[in-house]
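Student: Pasting the sequence and the predicted coordinates here, then a few questions.
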Amino acid sequence: MPDVATATTTPGEAVVVFPPLAGDGCATDRATAIIEASLNAIITIDRAGTIVEYNPAAERLFGWRREEALGHPLDAFMVPSEFKGAARREIDHFLATGEERVLNQPIELPARRKDGTELLVELTSVPLLHDGRHEFTGFVRDVTELRRTQERLKASQARYRAIVQHSNRVLMVSGPTGREAATFLSGEDILGHQPQATLPGGFLSVVHPDDLVLAEAFIAAVHAGTQSPRSGVDIRLRHHDGAYRVCEVIGEDLTSHPTVRAMLIRASDVTRAREREHQLDVSRAQMRALIDHLGSAVLLEDETRHIRVTNDAFVEMFDMQAAPDDLVGVDCSNAADYIKHLFADPEAFAHGVEHRLADAVPVIGEVLPMTDGSTLERDYLPIDIAGLPAGHLWVYRDITQQIVERQLLTDQNRSLAELAALKNEYIATVSHELRTPLTSVVSFAELLGDHDLGELTEEQAYYLDIIDRNSKRLLRLIEDLLLMAKLESNTLPLSLGRVDLPDITHQVVAELNPRAQDKGIALRVSSSTGPRVTADSVRLQQVISNLVGNAINYTPSSGLIQVSVTPEHEAREWVLEVSDTGLGIHPDEVPHVFDAFYRASSAAAGQGGTGLGLSISRLIIEQHHGSIAVDSTPGHGTTMTVRLPFEED
């Protein structure tokens, strides 16, 4: 080993080169021992780039033995091909200019071992002047693993920063009391503060005033270790814009941690979640109130057949020895066996439950006889959420009283039908028996009035007119009674055809106009063209004649009767109105004007009728699927409105 010359070393370098001391062989031996014992590789080259010194650490690092390296160019050994000649150029530049571009400073560059593997080394080259010759010593250490570790650490730190900064939670480092300055690590989306932003007033400075006591107790519990770092407390925190958010806050005491020495606070925005929970609680309360007031026994099971909801009616109906809330969570798998003894056919009931669950098809109104003589009605509804089974709903109702009432109603309807048939038969029989002699009376009265049989005295003619007028009135009454009976029993045949409603209205008005003129009443009619109606023309004429005739009867002289027929295409119906300026009807009497034999108090002032005209008109219109209504004001007149449906031609 040649003498060690004076060299300038890099600050922090572990290798120190001692200059030789004249006549001091011990110093030389000491320097040699230090170089050979160095953990860093030391390689010295001359100005031609030939290796002149190579220590044991270099042998271990690069794999070439000392005798293999000495006397050979550096480029031939550990320098990768892309760096060959670089050392030669730097040496030439230094010798020519004295400028140390890469000398006396650590640089990192790749190197190559004897086995061909590459590594990353840190090289500090020092120029030496030895016996008047320039040499260059390199202090080399392997930094491959160090740099890899640093890169992994850097990547890990970058990932940590990314994770923290993009966390959907607020992360904050705060002092032990919550009033010292705090630093945000993340949470911009929740509270609006950028990462690394500070709160001079600490965590408590963003707490809602009404939650300060709660927050202080929370911090004290964190320090005391009684607040679990896995469970949070709802505290309102102020956003940067001044609004408050409900946050679930979790704290962890890291004041004893040597690198943290603070309290870590994590907060999640649960404002909407708490609103939804509140709404859900309200909905559950509403559902509970609704179920409790339904009057029906309700049982709601989840998909695993465990009770989710039931009510007092269910507990009472099936004699459950528990309150509804105590049954929540109970397995219903064997419930049918528990209550089947209450049913008249226990096995059929149990099999029915299994069948409903297997089919999972809604069944409404299933009747179940009970052993005590009562009857239950059951509805079953399978519950699906997003196409997946989510449970079963059973609803039971006691319909015993309804069945009794239904039977009574059936018996009453049968009796009423029999009475109606007897009434119609009686009316038909009586009317037939009355019509025959009345027809004879009318005929003989007409014969008595025949001048060919002789002239009547004035008094005889007067009495004969009374007989004729009243017998014809009685005959009309009998005809109306027969018509009413047929209409009420739906036995009146209708001769349906396509009818022009304006046309038959004009015909009826023309026939009745002389009567109106005799009383000094103006009778006017207006109409619009429109679709025909499917109706019995004769019966519609009868209705129109009844309405216009009544208007003439109860309208004083100089009055006005207006008849209008108008199609309403949007409603697809004809509207027939008969309005007069007559006596009108008292409001208390209006609801009864369509009752049989009912005559308003104003009828005494007009001409008498049978009291069946409006009743017959209503029944005829209803058989045509229409409606009739009245609007009247005493002293101002009456308007009768008929509506008949039509189909567009």
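Tutor: Everything's here; your move.

Student: The one helix or strand Leu95 maps to - what's its average pLDDT?
Tutor: Using DSSP states H and E, Leu95 maps to helix 86-97. The pLDDT scores in helix 86-97 average 80.

Student: Check stretch 49-59 too.
Tutor: pLDDT averaged over stretch 49-59 gives 90.

Student: Now do the end-to-end distance for that stretch.
Tutor: 18 Å (CA to CA, to the nearest Å).

Student: could you dump the helix holding Leu95 to PDB, C-alpha only?
Tutor: Extracted C-alpha coordinates of helix 86-97, given in PDB (Å, rounded to 0.1, in the frame of the first residue of the first chain):
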ATOM      1  CA  ALA A  86     -16.700   9.800 -17.900                       C
ATOM      2  CA  ALA A  87     -14.000   9.500 -15.200                       C
ATOM      3  CA  ARG A  88     -11.300  10.100 -17.800                       C
ATOM      4  CA  ARG A  89     -13.000  13.300 -19.100                       C
ATOM      5  CA  GLU A  90     -13.500  14.700 -15.600                       C
ATOM      6  CA  ILE A  91      -9.800  14.000 -14.800                       C
ATOM      7  CA  ASP A  92      -8.600  15.700 -18.000                       C
ATOM      8  CA  HIS A  93     -10.900  18.700 -17.300                       C
ATOM      9  CA  PHE A  94      -9.600  19.000 -13.700                       C
ATOM     10  CA  LEU A  95      -5.900  18.700 -14.800                       C
ATOM     11  CA  ALA A  96      -6.500  21.300 -17.600                       C
ATOM     12  CA  THR A  97      -8.500  23.900 -15.700                       C
END
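
Student: Which SSE is immediately downstream of that helix?
Tutor: Assignment by DSSP H and E places the next element after helix 86-97 at strand 106-112.

Student: which neighbours does that following strand have in its sheet, and in what orientation?
Tutor: strand 118-130 (antiparallel) (DSSP bridges).

Student: what about the stretch 51-200 of the chain, any weak spots by pLDDT?
Tutor: Along the stretch 51-200 of the chain, segments meeting pLDDT under 70 span 156-168.

Student: try it again with 90
Tutor: 52, 58, 61, 68-69, 71-112, 114, 116-139, 141-200 (pLDDT under 90).

Student: Strands along that one, start to end?
Tutor: For the stretch 51-200 of the chain, applying DSSP state E, counting those that start in this stretch gives strands covering 51-54, 106-112, 118-130, 133-142, 170-174, 182-186, 198-199.

Student: To Thr633, which of these lies closest?
Tutor: Minimum separation from Thr633 across these (CB to CB) falls at strand 170-174, 75.1 Å. Yep, even glycine has a C-beta here, placed from its N, CA and C like the rest.

Student: Who does that closest one pair with, and is each partner parallel or antiparallel?
Tutor: Sheet pairing of strand 170-174 (DSSP bridges) gives strand 182-186 (antiparallel), strand 262-269 (antiparallel).

Student: I'd like those strands as JSON lines, with distance to Ala86 and mean neighbour count appended.
Tutor: What follows is those, written out as JSON lines (distance: least, CB to CB, whole Å; neighbours: other CB atoms under 10 Å):
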{"stretch": "strand 182-186", "distance to Ala86": "46", "mean neighbour count": "21"}
{"stretch": "strand 262-269", "distance to Ala86": "50", "mean neighbour count": "21"}
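
Student: Make CSV from those strands and add distance to Arg66 to it.
Tutor: Formatted as CSV, those follow (distance: least, CB to CB, whole Å):
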stretch, distance to Arg66
strand 182-186, 55
strand 262-269, 56
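
Student: can you tell which of the ones you listed is closest to Ala297?
Tutor: strand 262-269 (42.1 Å).
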